[in-house]
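>>> Sequence plus the predicted model coming up.
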Amino acid sequence: MATHIPDTTRLRLLNEMCYALHNEHPDRAAPYGEAAVALARGLPTPVQTPGLLRSLLILANCYANLSNGPDALTLLSEAEILARSLRNTNALARLYTLQGRIYHERQDSALAWQHYRRALQLTTQAGASVAPRTRMVLLGNMGNLSFARQQYGQALHFDSLALGLARLEGDSAAQSNYLSSLATYHLQVGNLGRVKRLLTQALAISRRQRAGRNQARQLILFAKYYSQAYEPERAAAATREALKLARQSNDLEQVLDAYRLLSAEAAKEGNYLKAYEWNQRYVALNDSLNSRQTMRALAAAQVSFEAQERARRLRQLTRQHEEQVWHSHLLGGAVAVLTIGLLISACLYRNLRRNRAALAANNAALEKASSELRSVAVFKDKLYAIVAHDLRGPVTAFAGVTSLINSYIADNDRASLAQLPQLVGQAADSLNHLLDNVLNWAVSQTGELDCRPAPLLVAELFAECQALYQTTAAASRQQFTIAAPPDLLLMADRNMTRTILRNLVGNSLKFMSAGGHVHLEAAPDPDDCRMVLLSCTDTGPGMSTATVTSLMNGPALPETMDSSHATGLGLGLVLCRAFVHRHGGTLVIQSRPGAGTNVTVSLPAVQCHKVSSGLMNA
């Protein structure tokens, strides 16, 4: 590809690379497919059409494997127009089959079945040139849909036909998939002997081909089989191997199934703590996948809205342009007819220039308004993402506690039930703290949160913070200590200072394991007598230099959310940074992985004459 080769050869190579990777590694295949589509669009029209049609179909299949349904359907709509112009029956059958699969994944079985029937009609037409592989994929997808609709006999029929075509074509990967599908149906009806034979054949093929995604899916089926056969040890071993392969191939759906099975097996064995941990991982990953799908749907809706808005504006400007052209022609004719009226001609010309200036001004105002609307939309999307992300953790904790309550009640486990109020209290405190952060941040962005400095005793603020978090620290076997001179005063806003201290201590306790130590200390700034230094030091896991740099120099809203921290870190520190800057102070983070974290905040001190005056008034 780095050498100088013809564009048609380059297009063929890009399509082959995308096709080779689209099943096992769709994320790596997508850039090749996108490059192929862009290259095909630039070719001359007689050469472009067949190559563009193939590129669109391959890239749409890749997007479908990435669960990016909106973009895949857009490409398939363009491909359908090209396939009809070329009278390519095989391409039409392929795109109808893929559309049906996408609608099936969206749980719209009626629309999926409608597209499958359109593809089936093409394959049964007399003289239709539909490739056997296209028929095979169609029959397999119809089998999956029939199984989802609980039409098991029809599902077995379609998958058996697809398996026969795969064997005739010598397609080992397809044989493995359809053997797995048949095993799924027999597992559903309880024919366990048949299940084991089918899965053994399918897994042997996948291992020879080193197909990680297929192996993970088949091992999940083996785990379900062993679970029904009352072989828990084999079920757990198969699930753990499937989890490892699913993580290696980035197959998040299979990772989700593995978490669910491991949680169920642990619960059967009576290991409810382990079951709760696996369930927490399942809930966190499931929420992440749901959020990703939601964001993709919102992005697709935004793109569609912007396209419609641009089309409307273009039509409006076209009409205005046509009106201006008509006025120009009318004025030109009047000038030609009334050549003797120089004054009238000058007036008409002046009106024409005025209209053009008004049109230019309108266009500039419209562009400015569009830019402001886009900025507001981006700002709104970021805020929604942060709120959804920061609230997901505590809500998930409540859901987990609810499931534990039912489990402990069923098992009459009074000792475990006695620990649940502590978990509920911690989740409620975390949720209240997050809501307070979001509200303060939103109010600060509107400019309605006033900063009202007043003399504050640091020792009292520290004591209040210690009382707030002492119970939480004790529940997690963590130590929380404070140190502040009894007469040290700040000139700061009370509510903002409380929020800063709560966020610093809350983050330290949240990310620190049991047995850790958080120390809150205050002292005058030795380099600047006008400032007071408040420092929060913990013995937690620490942060990398890149993470510290991102937190210190990041934007007003984080661009992305780090999925490794379920409750989020960015909004609290962004709020602290904003409040400290409002007071004219600074915030410094010092941390290393494994060596804990120290956050130092500088806030204004009460000057000596102000202290004396305040004490006299008191």
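Perfect, I can see it now. Numbers count the residues shown, from 1 in each chain.

>>> The stretch 301-450 of the chain: helices as residue ranges?
For the stretch 301-450 of the chain, the helices defined by DSSP state H, counting those that start in this stretch occupy 342-411, 414-446.

>>> Quick check: what element follows the shortest one along the chain?
Past helix 414-446, further along toward the C-terminus, the next helix or strand under DSSP states H and E is strand 454-457.

>>> what about the very next helix or strand once past that next one, distance to the chain center?
Along the chain past strand 454-457, the next helix or strand (assigned with DSSP H and E) turns out to be helix 458-475. On the basis of CA atoms, centre = their mean, to the nearest Å, helix 458-475 sits 36 Å off its chain's mean C-alpha point.

>>> Mind checking what helix or strand follows helix 458-475 in sequence?
That would be, after helix 458-475 and using DSSP H and E, strand 479-483.

>>> Before we move on, what's the pLDDT of residue 519?
Among the per-residue scores, residue 519 shows a pLDDT of 94.

>>> ok so, going back, where among the helices of the stretch 301-450 of the chain is average confidence lowest?
Lowest mean pLDDT within the helices of the stretch 301-450 of the chain: helix 414-446, at a mean of 66.

>>> neighbours of residue 275, just the number please.
For residue 275, the count of nearby residues is 21 (other CB atoms under 10 Å). C-beta here means a position set from N, CA and C on the backbone, and glycine is covered the same way.

>>> for it, helix, strand, or coil?
helix (DSSP: H, G, I helix; E, B strand; the rest coil).

>>> give the contact list for it.
Residues in contact with residue 275 (CB atoms under 8 Å, 6 or more residues apart in numbering) are 263-264, 266-267, 407.

>>> So for residue 115, what's the nearest residue that isn't a sequence neighbour?
In space, and not counting its chain neighbours, residue 115 is closest to residue 100: 3.6 Å by CB to CB, 6 or more residues apart in numbering.

>>> And for the one you found, the neighbour number?
27.

>>> quick one: what helix or strand has it in it?
helix 89-105.

>>> Buried residues in that helix, which are they?
Burial within helix 89-105, assessed by neighbour count using 16 or more other CB atoms under 10 Å, is assigned to 89-104.

>>> Could you pull out the strands in this protein for me?
Ranges of strands in the chain, per DSSP state E, are 454-457, 479-483, 489-492, 517-524, 531-538, 586-591, 597-604.

>>> Those: which one's closest to residue 137?
Closest approach to residue 137 among those (CB to CB): strand 586-591, 52.1 Å.

>>> Run me through the strand neighbours of the closest one, direction for each.
Sheet pairing of strand 586-591 (DSSP bridges) gives strand 597-604 (antiparallel).

>>> relative to helix 458-475, how tilted is the partner strand?
Angle between the axes of strand 597-604 and helix 458-475 is 160 degrees (criterion: axes from the mean of the first three to the mean of the last three CA atoms, to 10 degrees).

>>> Report the rounded mean pLDDT for strand 597-604.
pLDDT averaged over strand 597-604 gives 94.

>>> Could you list the residues in contact with that strand?
So strand 597-604 is in contact with 453, 490-492, 497, 500, 504, 508, 525, 528, 530-538, 540, 542-543, 576, 580, 583-591, going by CB under 8 Å, 6+ apart.

>>> List the buried residues for that strand?
For strand 597-604, the neighbour count (16+ other CB under 10 Å) marks 597-604 as buried.

>>> okay if I get the residues you listed as TSV plus distance to residue 113?
Converted to TSV, the buried residues of strand 597-604 look like this (distance: CB to CB, whole Å):
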residue	distance to residue 113
597	56
598	62
599	58
600	64
601	62
602	66
603	66
604	70
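
>>> per-residue pLDDT, the residue nearest to residue 462 when sequence neighbours are not counted?
Distance criterion CB to CB, 6+ apart; nearest residue to residue 462, sequence neighbours excluded, is residue 482 at 4.2 Å. Listed pLDDT for residue 482 reads 93.

>>> domains for the chain, by residue range?
Following automatic domain parsing, one gets these domains for the chain: 295-429, 450-617.

>>> can I assume residue 241 is in contact with residue 219?
Yes - taking CB atoms under 8 Å as the definition, residue 241 is a contact partner of residue 219 at 5.4 Å.

>>> what about the two, which has more around it?
Regarding residue 241 and residue 219, a neighbour count based on other CB under 10 Å identifies residue 219 as having more, with 25 against 17.

>>> pretty sure that one contacts residue 244?
No - using CB under 8 Å, residue 219 is not in contact with residue 244, being 9.3 Å away.

>>> what ranges of the stretch 201-350 of the chain fall below the confidence cut-off?
Counting by pLDDT under 70, the stretch 201-350 of the chain has low-confidence residues at 291-308, 310-311, 314.

>>> quick one: the helices in the stretch 51-200 of the chain?
Applying DSSP H, counting those that start in this stretch to the stretch 51-200 of the chain gives helices spanning 69-86, 89-105, 109-124, 132-148, 152-169, 172-189, 192-209.

>>> Among the ones you listed, pick out the one with the most neighbours on average.
Greatest average neighbour count among the helices of the stretch 51-200 of the chain goes to helix 89-105 (a mean of 23), per mean count of other CB atoms under 10 Å.

>>> That helix - contacts with which helices or strands?
Contacts defined by 3 or more CB pairs under 8 Å, 6 or more residues apart in numbering; DSSP states H and E place helix 89-105 against helix 45-65, helix 69-86, helix 109-124, helix 132-148.
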